[in-house]
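Engineer: Next come a sequence and a model predicted from it.
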Amino acid sequence: MSTPTLHIPGEVYLVGGAVRDALLGLPVHERDWVVTGTTPQAMLEAGFRPVGKDFPVFLHPHSGEEYALARTERKSGHGYAGFEFHTSPDVTLEQDLQRRDLSINAIAQAADGSLIDPWGGREDLNKRQLRAVSAHFVEDPLRVLRVARFRARFHAQGFELETATEALLREIVASGELQHLVAERIWRETEKALMSAHPAEYFRLLRRIGALAVLFPELDRLYGVPQNAKYHPEVDSGIHAMLAIEQSAHISNDLATRFAVLCHDFGKGITPADVLPSHRGHEHRGVPLVKAFCQRLRVPKALEQSATAVTKLHLLCHQARELRPETLLKLFEQLDALRRPERVEMFVSACLADARGRTGFEQAHYPQADYLRRAFAALGEVSPAALIEQGLQGAALGKALRQARVDRLARFKRAELPE
């Protein structure tokens with residue numbers, strides 16, 4: 001049975017990212033629509049389902065796509081939510097587009113395929129430029145994060161930030177408005193940036209405009225902290241963090257891996273000055289910093305657990321081939337890999353990004369990763385079934401199982417690294 005045609009009151013336009021990405025020749029994953037010349041009541045009568053609390057947004061009953069009534073907005077308070085919205089049939093498409101952040105996001109497409117571009121978005125796409133639509137840009141502090149995210153996403157396409165727009169970003173930071181952003185919005189933009197092709201560009205731009213110190217002080221604190229040039233030719237801990245984050249994007253599409261790399265060296269930011277450039281113990285100092293960071297931004301618990309594990313244990317991965325069988329087993333236990341085997345791949349990928357996130361080491365061979373993968377595979381050959389058949393149970397079973405695992409890792413080590 002075919003889907004019935006739905007009459008949509010008013011004029012309907014495709015807007016935002018779908019238009020932008022199509023013009024760039026990129027895949028379009030979701031579509032948003034704006035409707036002019038209508039009312040909320042007319043949308044309801046047409047069969048749309050309301051979802052917007054602050055302004056009228058509706059879901060199409062068949063496609064599930066969002067249709068928002070054209071609106072204008074006025075700053076009325078602090079933060080992302082500090083706006084009053086006005087919708088009515090006389091709000092024009094041009095007025096709606098003017099309230100958007102960047103010109104490349106303020107292009108609309110009519111039903112006949114024609115483009116409506118009152119703010120020069122197509123020209124900026126051709127110039128590969130991120131430019132604010134209007135001076136009202138400064139009213140929404142979330143735009144600091146959004147622009148940084150677009151910088152990360154479109155870095156490979158050669159997009160640069162317009163000088164005047166960067167000045168507006170600095171103005172927002174100086175206003176103190178970033179302090180009013182809610183944690184969930186900060187994390188949502190950061191999560192998207194981490195999964196972009198060049199996540200380090202997000203944090204680099206935030207640092208350049210002074211926002212990193214406000215929103216991510218644990219990361220900002222790394223800059224200017226020296227490391228031993230023998231192991232870190234880039235010397236600066238903040239630069240290493242960015243190099244490692246970039247490497248994580250080449251290595252893995254897993255959010256947990258990329259987030260763990262972001263956090264793994266937080267402890268270097270509080271290394272006592274009198275022992276620099278040594279960072280002995282930074283992995284343990286970093287754990288409470290990672291936990292506080294995750295709690296402040298309300299990061300999902302699973303990501304927090306992965307990040308704290310990598311922070312605490314990453315040096316053991318670098319030393320994997322020297323570890324005794326007992327220490328190897330303890331490493332897997334601390335990763336909780338016996339219950340969650342996917343943790344092993346997350347861990348070794350994050351440690352590989354750390355190892356390659358150094359100037360001159362971008363293509364470095366890292367045998368520790370495969371060594372740990374093979375060690376864990378060998379560990380999987382040990383089954384409690386045979387021990388249970390021998391009548392072992394309780395504490396005796398646990399002790400025997402652990403010893404069997406140590407013995408299996410010892411055989412593995414002898415086979416891998418014969419003396």
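Structural biologist: Yes, it's here.
Engineer: For stretch 298-312, which outside residues touch it?
Structural biologist: Applying Cβ atoms under 8 Å, 6 or more residues apart in numbering, the external contacts of stretch 298-312 come out as 183-184, 187, 255-257, 259-267, 283-284, 286-287, 290-291, 293-295, 334-336, 343, 346-347, 350-351. (C-beta placed from N, C-alpha, C; glycine too.)
Engineer: try it again with 7 Å
Structural biologist: Contacts of stretch 298-312 with the rest of the structure, by Cβ atoms under 7 Å, 6 or more residues apart in numbering, involve 183-184, 187, 255-256, 259-260, 263-264, 266, 283-284, 286-287, 290-291, 294, 334-335, 346-347, 350.
Engineer: cool, and stretch 191-204?
Structural biologist: Stretch 191-204 has contacts (Cβ under 7 Å, 6+ apart) with 148-149, 151-153, 155-156, 212, 219, 242, 245-246, 249, 255, 258-259, 262.
Engineer: What of stretch 244-260?
Structural biologist: Contacts to stretch 244-260, defined as Cβ under 7 Å, 6+ apart, come from residues 191, 194-195, 197-200, 261-262, 302-303, 306-307, 310, 346, 349-350, 352-354, 356-357.
Engineer: Filter the residues you listed down to the buried ones.
Structural biologist: Buried subset of those (neighbour count, 16 or more other Cβ atoms under 10 Å): 191, 194-195, 198-200, 261-262, 303, 306-307, 310, 346, 349-350, 352-354, 356-357.
Engineer: Return the subset of those residues lying in helices.
Structural biologist: Among the buried ones among the contacts of stretch 244-260, DSSP state H puts 191, 194, 200, 261-262, 303, 306-307, 310, 346, 349-350, 352-354, 356 in helices.
Engineer: Stretch 10-29: which residues count as buried?
Structural biologist: For stretch 10-29, by 16+ other Cβ under 10 Å, it's 10, 12-20, 23.
Engineer: Turn those into CSV, including distance to residue 160, secondary structure and pLDDT.
Structural biologist: Below are those laid out as CSV (distance: Cβ to Cβ, whole Å; DSSP: H, G, I helix; E, B strand; the rest coil; pLDDT from 0 to 100):
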residue, distance to residue 160, secondary structure, pLDDT
10, 37, coil, 84
12, 34, strand, 94
13, 28, strand, 96
14, 27, strand, 96
15, 24, strand, 95
16, 21, coil, 90
17, 19, helix, 93
18, 23, helix, 95
19, 21, helix, 97
20, 16, helix, 97
23, 18, helix, 96
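Engineer: Looking at the residues you listed, which is nearest residue 39?
Structural biologist: residue 10 (8.5 Å; Cβ to Cβ).
Engineer: For residue 234, see how far away residue 240 is.
Structural biologist: Computed as Cβ to Cβ, to the nearest Å, the residue 240 to residue 234 distance reads 6 Å.
Engineer: shared neighbours of the two, which are they?
Structural biologist: By Cβ under 7 Å, 6+ apart, the residues touching both residue 240 and residue 234 are residue 358.
Engineer: Tell me which of those two has more neighbours.
Structural biologist: Set side by side, residue 240 and residue 234 show more neighbours around residue 240, with 23 against 18, by other Cβ atoms under 10 Å.
Engineer: wouldn't that one be in contact with residue 358 here?
Structural biologist: Yes: with contact defined as Cβ atoms under 7 Å, residue 240 counts as touching residue 358 (6.4 Å).
Engineer: Please enumerate the shared neighbours of these two.
Structural biologist: In contact with both residue 240 and residue 358: 232, 234, using Cβ under 7 Å, 6+ apart.
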